[in-house]
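In: coordinates only, no sequence provided:
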Ligand SMILES: Nc1nc2c(ncn2[C@@H]2O[C@H](COP(=O)(O)OP(=O)(O)OP(=O)(O)O)[C@@H](O)[C@H]2O)c(=O)[nH]1
C-alpha cells in the first residue's frame, strides 16, 4: 500500500509540523489516527492530498501533538512517532526579592527566535532601568534595576507565538529600608536559611527524631531534665538536596558557599510547661515547625473551651495548643507575606507521630481484648487502639480546617524512632519535605548586602568558639571590620541585628541593646534558673525568702543573687578562676562584665514580664514574680479584703473573652496594670497580687478597689466600692484594658481575637453562662439575672460606659435650634 518510509518526525513547539505519506495508487483512501481517535481537520491543522501524496500540516505544533500516529490504508496500518519538543528549554521562573535589588528574568529556547516581553499584558521596551537582551536569540534576558514596589506583576515573553510567564514579587525590607538599600548598593548575595523548630510534650521523642534527621544513632538519648533548647546545624545542597552534617567539634560548615547550600538550624525545645511563658522569644515566623506527638498516647479531640494554661495533657489538646501558639505568635493580621495561598498560611507545621512501634504492639494486644469486649458489647474507640485514625480525623476536623490555625498544617507522618525501617527511608522523606516547605517561607533566598553576610560569618565563628553573648560594642567592632558604613554604623548594625533576630539567627532587643545573644542556650540558662527557681531550694536552706516567694511573689535581691550563682553563663568557670589565680591577674574587669551581663539578664526578664517592679505606696524597688505565686482560692481573697461584709458594693463584670489566650499573656496584662495602679495592701503589708489575680487601689482613699483576674480564656474586671457613691463610671479603666491588650497584641505580634462582655456581679470568677456580649447588647434590652432578679442591660453598662455626651449635646443642640 505505502511507498514512503515512516521515520520519526521531530519539530519544535510553535513550528510547522508536517506528516506525510505516499501510497501505491491515487485511488487508495488514507485515514489518520492519533491513538485510537481518527484525526479531523481544525483551525490549526489541515489534511490534504494530491495524487498519491497525503499530508497533514499543523500550523503551530504543540507539545501535546507529540505521540504515536497511525496511518491506515485499506487493511494496512503504519505507525509514525512524532515528537514536538518544547520551545523553552528553560522557562521563566518566579522571582521574589527585596525592594531596591536587581531582578533578572531569563529563559532559553531550543531554536533561535526573537522574543517580545510583556508586563501585565503590556509590551515592555528597554528603558533607563529595564534592559532587554538576548544571546544569539537563544537566551533571552530581562533585567530590572533598583526594583520598586510598582515593578510587582506578571512578566511574559512571547517567542514564536508561545508564551512563558512568571511573577515578580517585591518585598519591602522589614528592617529600615533606606539603610538596607544603601548597604545593598555595594553588592548583594543570595542566602538560604532554614530554621526547624521541634515542639511538643515532654518525652514524645523530639530529641530522638532530631538525631534521626541528623543521621545519628539514638543510643543514650535521655529525656531532658529541666528546661533546654538544643541547637544543631547542617547544610543542604540546593541541587542534590543532600544534607551535610558536622562531626564532633570541627566546623567545616562555613566552607560551603551560600548560593549553593542552605544553612539549616534545628531548635529542639524541651517540653516543660514552666517554659511556655518565654516562648515568644523563640517562636520565629521564619521557621518550619515539627510538632511531635506520641501516637500511642490517649487522643482527645478538641476540648478547647475549658482549656487553660498548664491544664491539658492529651495529644489532641497538645496539637490544638501548639497550632494556636504558632498561629498567634507568628501571623500578624495585616502581614500578607504569611499568606501562601487561600488555604495555606506560613509558617508551615508538619505533625510527626512517633512511637508507631508501640501502636502496632497495642493493636496486637488489644485485638484479643477487643474481641472479648465486643462479645461483652462494651467496645470503645480507645480500646481498639485506633490512634492513627484519631489523628487523621483530627486533621480532617471541620473546626480545625475552618480555623486559620489549621492552615499551617502541611503534612502528617507516622514513624518510629526506635524501630525505623531498614533503609530509614521515612526520615529521608521527611528531610525532603522539610526542604520543600522551606522554599515557601518568605525569607528563603533573600538577597543580602555582602557585608551583612560577612558579619554573619564572623558571628558564626564566635558561636563556634562557644561565645554565646557579646556586647554591643564588640558587635560594632566586628561590623566595622566587615566595612559597615562608618558614619552610621549603629543604624546599619541595628538594621542587620533586627533582620537576624527576625530570621532567628540571634536574639536582639532594640530597647535593651547592651548585649546581643548569639545562642538561645545563653538565655535558656538564665531563664531556667528563674522560671523554675524552686529546684535550688534544697541548696539554700533556712531561707524564709523561698516561702515568701511562693506566697507573695516577692523576689528579694538576696535571692536574685543566689539564683545568679546557679546560672552557669553568669559565673566564672573554675578553669577561668584558676587561670586568673595562676597568672596572678586582677579579676575585676571580668567580674564587672559578669555584673553587666546579670543586669542585662534582669532587664530581659523584666521585658518578658517574668519579673516586675510594681508601683506601691512605699515606692520600693523590689522585684516580684507573679507567675511563681501559689494559686489561692478567690474566696479566700474576698474574705481577706472583706468584700462580703455587706458594706461593699460590687459593680458588674466587664471582661474580654478570647478565642485563645497564649501562655503568659495575662501576666503581661497584669504587669501593665501594675505599672499604672498601686497594688492594694492586705494583711501585714502583703501586696494583693496572686496567681492570675491582682487587686489595685484606684483612688487615694483606698475605698475603691479594682480586681483584674484571669479565668479560662477570659480576662475580667470588677470594682469594689467600700463607700457607696452613686453614678461612678469606670470607662477609663475599661478603655485601658482594651488598649493594653491591643498594644500587647502589636508588641508581641500576636494574632488573637476577643469579644467584650458584661455580666452580673455574681460569683468570682465570672462563668461563661449569662455573659452579655457587647455586640448583642442591642438585642438584649432586658437581661434576666437569676441572682439579682431583673436587671437591665443599662444597669450593667452604667459603670463601664460613659453616657455619650457628644450625642447628648447633638441632641440638645438640635432641640435648641428647633
Ligand atoms: N517505643 C518508642 N520509644 C521512643 C520513640 N521515640 C522516642 N522514644 C523513647 O522515648 C524517650 C524520650 O525520648 P526523647 O527523644 O528524649 O523525647 P523528648 O520529646 O526529646 O523528651 P524531652 O526532652 O523530655 O522533652 C526515650 O527513652 C526514647 O527512647 C519511638 O518512636 N518509639
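Out: Right, received. Where do you want to start? Here the structure is a predicted model, which is why all the values come from computation and not from measurement. Numbering: from 1, shown residues only.

In: use CA for all of it now, contacts and neighbours both
Out: Will do.

In: tell me the residues of the stretch 351-500 of the chain that contact the ligand?
Out: By CA under 6 Å from any ligand atom, the residues of the stretch 351-500 of the chain that approach the ligand are 354, 355, 357, 358, 416, 417, 418.

In: confidence-wise, which of the residues you listed comes last?
Out: Among these, residue 358 has the lowest pLDDT, at 81.

In: number of nearby residues for that residue?
Out: The number of residues packed near residue 358 is 17, by other CA atoms under 10 Å.

In: all helices of the stretch 51-200 of the chain, in order?
Out: Counting by DSSP state H, counting those that start in this stretch, the stretch 51-200 of the chain has helices at residues 177-184.

In: what is whatever residue of it ends up closest to the ligand paired to in the beta sheet?
Out: Residue of the stretch 51-200 of the chain nearest the ligand, by CA to the nearest ligand atom: residue 200 (6.8 Å). Counting by DSSP bridges, residue 200 forms beta bridges with residue 292.

In: hmm, which of the residues of the stretch 351-500 of the chain next to the ligand are the buried ones?
Out: Burial by neighbour count, judged by 16 or more other CA atoms under 10 Å, picks out 354, 355, 357, 358, 416, 417, 418 from those.

In: just those: which are in strands?
Out: Of the positions in these, residue 354 sit in strands, assigned by DSSP state E.

In: hmm, which two among the buried ones among the residues of the stretch 351-500 of the chain next to the ligand are most spread apart?
Out: Farthest apart among those by CA to CA are 358 and 417. That separation is 10.8 Å.

In: can I get the buried ones among the residues of the stretch 351-500 of the chain next to the ligand in a markdown table including distance to residue 326?
Out: Below are those laid out as a markdown table (distance: CA to CA, whole Å):
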| residue | distance to residue 326 |
| --- | --- |
| 354 | 21 |
| 355 | 24 |
| 357 | 29 |
| 358 | 29 |
| 416 | 25 |
| 417 | 25 |
| 418 | 28 |
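
In: give the contact list for residue 709.
Out: By CA atoms under 8 Å, 6 or more residues apart in numbering, the contact list for residue 709 reads 692, 693, 694, 715, 716, 717, 765.

In: and which of these is nearest residue 18?
Out: Distance to residue 18, by CA to CA, is smallest for residue 715 among those, at 76.9 Å.

In: what sits against the closest one?
Out: 655, 656, 657, 666, 708, 709.

In: next up, identify which helix or strand it is on.
Out: Residue 715 is part of strand 714-721, with elements assigned from DSSP states H and E.

In: chain center to that strand: distance?
Out: 33 Å (CA atoms, centre = their mean, to the nearest Å).

In: stretch 287-298 too?
Out: Using CA atoms, centre = their mean, the offset of stretch 287-298 from its chain centre is 16 Å.

In: and it, how far apart are its ends?
Out: The first and final residues of stretch 287-298 sit 29 Å from each other (CA to CA, to the nearest Å).

In: and what of stretch 711-725?
Out: Start-to-end span of stretch 711-725 (CA to CA) is 29 Å.

In: with stretch 538-552 instead?
Out: Across its full length, stretch 538-552 reaches 20 Å between end residues, using CA to CA.

In: that stretch: which residues count as buried?
Out: Within stretch 538-552, the residues that qualify as buried by neighbour count (16+ other CA under 10 Å) are 545, 546, 549, 550, 551, 552.

In: among those, name the ones in helices.
Out: Using DSSP state H, the subset of the buried residues of stretch 538-552 located in helices is 545, 546, 549, 550, 551, 552.

In: let me have these in CSV, extended by pLDDT and distance to residue 4.
Out: Formatted as CSV, these follow (pLDDT from 0 to 100; distance: CA to CA, whole Å):
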residue, pLDDT, distance to residue 4
545, 81, 104
546, 82, 101
549, 84, 99
550, 81, 99
551, 80, 101
552, 82, 101
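
In: need the contact list for the residue of the stretch 51-200 of the chain closest to the ligand.
Out: Residues near residue 200 by CA under 8 Å, 6+ apart: 206, 269, 271, 291, 292, 293, 318, 322.

In: need the contact list for the first one.
Out: It refers to residue 206. Applying CA under 8 Å, 6+ apart to residue 206 gives the contacts 198, 199, 200, 268, 292.

In: which helix or strand contains the fourth one?
Out: This means residue 268. Per DSSP H and E: strand 261-269 holds residue 268.

In: by contact count, what packs against that strand?
Out: strand 193-200, helix 206-213, strand 229-237 (3 or more CA pairs under 8 Å, 6 or more residues apart in numbering; DSSP states H and E).

In: tell me the most buried of those?
Out: strand 193-200 (a mean of 24; mean count of other CA atoms under 10 Å).

In: from the middle of its chain, how far away would that one be?
Out: In terms of CA atoms, centre = their mean, the centre of strand 193-200 is set 10 Å apart from its chain centre.

In: next, the angle strand 261-269 makes with it.
Out: Angle of strand 193-200 versus strand 261-269, following axes from the mean of the first three to the mean of the last three CA atoms, to 10 degrees, is 20 degrees.

In: residue 351 touches residue 411, doesn't it?
Out: Yes. The pair residue 351 / residue 411 is scored as a contact, 6.3 Å apart, by CA atoms under 8 Å.

In: higher neighbour count, those two?
Out: Legend: neighbour count by other CA under 10 Å for residue 351 and residue 411, higher for residue 351 (22 against 14).

In: quick one: the more buried one is in a strand?
Out: Yes. Under DSSP: H, G, I helix; E, B strand; the rest coil, residue 351 falls within a strand.
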